[in-house]
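Enquirer: compute the structure for the input listed below.
(chains A and B)
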There are 2 protein chains.
Amino acid sequence: MRKGEQTRQEIIRKAAPIFNQKGYDGAALSDLMRATGLEKGGIYRHFASKEELAAEAFDYAWGETFDSRIHDLEAIANSVDRLRQLVANFVERRGIIPGGCPLLNTAIDNDDGNSVLRARARKALNGWRSYIISIVREGIKAGEIRAKTDAKKLATLMISSLEGAVMVYRLERDEEPLRSVRAHLENYLEREVRAASK
Amino acid sequence: MRKGEQTRQEIIRKAAPIFNQKGYDGAALSDLMRATGLEKGGIYRHFASKEELAAEAFDYAWGETFDSRIHDLEAIANSVDRLRQLVANFVERRGIIPGGCPLLNTAIDNDDGNSVLRARARKALNGWRSYIISIVREGIKAGEIRAKTDAKKLATLMISSLEGAVMVYRLERDEEPLRSVRAHLENYLEREVRAASK
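Expert: Now for the predicted structure:
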């Protein structure tokens, strides 16, 4: 990797927690300078705008977060067990990037605002949902998941309830909502999703 | 109401959609001036700071939103039916204040930020949860809800999954997540919460 590209990546990595904690408008140049140890010119030599830096920082933050959520999932043979582990990872492997879930933060921060960041958040949501949908479809094919299961609805339910629990958790700094939603989803996966014979 | 107090209330009412859509940092003085039709001095004669205005605007926005969610609920005798109507109201009576759910927005905007706004959001969440908890407890007493139901966990589950669905809905501008979560909660209330005999 060339020196310039290395510096660019390091700026992205250091800016990611700032944008994730403070939001797009809240992230001041002085915050970004403090986090990166660079002057304004040193930062913006590598990015056309604050928007470009924020978008790259989101992609980085989401990449790290998503990786932690799917950690070791491929090793699990049964698709329902894989969905359960996805929920467990979500609850247990938090805080990869300080400030809470980058998808939730960026979605709420930009649903009326910056269209570039909103598009990145949509892409992240789509990717996560597609990942869950493909597990469910594999599970149906393998006879592990009930044939009548609506893969998209199940994915939406899992994502909505987990992300909503993050909002409550972040506000109260109490893990109870994460535990409650996890227990609810585990119960639901066993009672309504797992095929009877497997 | 005195003239000064009237003006103050009108500023709050007009500032509420600005803060709800743009967040605390994103709401610029120029936005507030445009929305209220007042100059800076005309606004800040009535408020000690942007923080005070934002906090009052949140309380107003949340009050309106909460009222719409509990609309006509008291007229429903059965507690499970009341919970179902709460879910229905949440999904159907949206958009009272432009910009999505003020609780979700303010919680995410301030979980790492402004402590006054964060405290207001916590208070709002507490109030909503307490409201649900008291319906559940009444329901248990009346034999309409299973005795083993954990009122706080049920309230947390309802709030988390509905608010998470708002995030997905707002990002994609597609109501499917709201409908999915509603159907899931209705099904859950019937199968796991409503007492067998009622």
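Enquirer: now do the strand or helix carrying residue A:19: which elements does it pack against?
Expert: Residue A:19 belongs to helix A:3-26 when assigned by DSSP states H and E. The helices and strands touching helix A:3-26, judged by 3 or more CB pairs under 8 Å, 6 or more residues apart in numbering or on different chains; DSSP states H and E, are helix A:29-36, helix A:50-69, helix A:102-110, helix B:3-26. Every residue, glycine included, has its C-beta placed from N, CA and C.
Enquirer: which one, of those, ends up nearest to residue B:184?
Expert: Shortest distance between residue B:184 and the helices and strands packed on helix A:3-26, using CB to CB, is found for helix A:102-110: 19.4 Å.
Enquirer: and the angle for the closest one with helix A:3-26?
Expert: Inter-element angle recorded for helix A:102-110 and helix A:3-26: 50 degrees (by axes from the mean of the first three to the mean of the last three CA atoms, to 10 degrees).
Enquirer: can helix A:102-110 be found next to chain B?
Expert: Yes: using CB under 8 Å from any CB of the partner chain, helix A:102-110 comes into contact with chain B via A:104, A:105, A:107, A:108, A:109.
Enquirer: the closest residue to chain B within chain A: neighbour count?
Expert: Distances between chain A and chain B by CB to the nearest CB are smallest at residue A:164, namely 2.9 Å. Here the number of neighbours of residue A:164 (other CB atoms under 10 Å in any protein chain shown) works out to 28.
Enquirer: mind checking pLDDT for it?
Expert: Residue A:164 carries a pLDDT value of 98.
Enquirer: which residues touch the closest residue to it other than its chain neighbours?
Expert: Computed as CB to CB, 6 or more residues apart in numbering or on different chains, the closest residue to residue A:164 that is not its neighbour in sequence is residue B:164, at 2.9 Å. Contacts for residue B:164 (CB atoms under 8 Å, 6 or more residues apart in numbering or on different chains) come out as A:159, A:160, A:161, A:162, A:163, A:164, A:165, A:167, B:181.
Enquirer: can you list the residues you listed in JSON lines and add distance to residue B:191 and secondary structure?
Expert: Listed next are the contacts of residue B:164 as JSON lines, based on distance: CB to CB, whole Å; DSSP: H, G, I helix; E, B strand; the rest coil:
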{"residue": "A:159", "distance to residue B:191": "22", "secondary structure": "helix"}
{"residue": "A:160", "distance to residue B:191": "19", "secondary structure": "helix"}
{"residue": "A:161", "distance to residue B:191": "17", "secondary structure": "helix"}
{"residue": "A:162", "distance to residue B:191": "21", "secondary structure": "helix"}
{"residue": "A:163", "distance to residue B:191": "24", "secondary structure": "helix"}
{"residue": "A:164", "distance to residue B:191": "21", "secondary structure": "helix"}
{"residue": "A:165", "distance to residue B:191": "21", "secondary structure": "helix"}
{"residue": "A:167", "distance to residue B:191": "26", "secondary structure": "helix"}
{"residue": "B:181", "distance to residue B:191": "16", "secondary structure": "helix"}
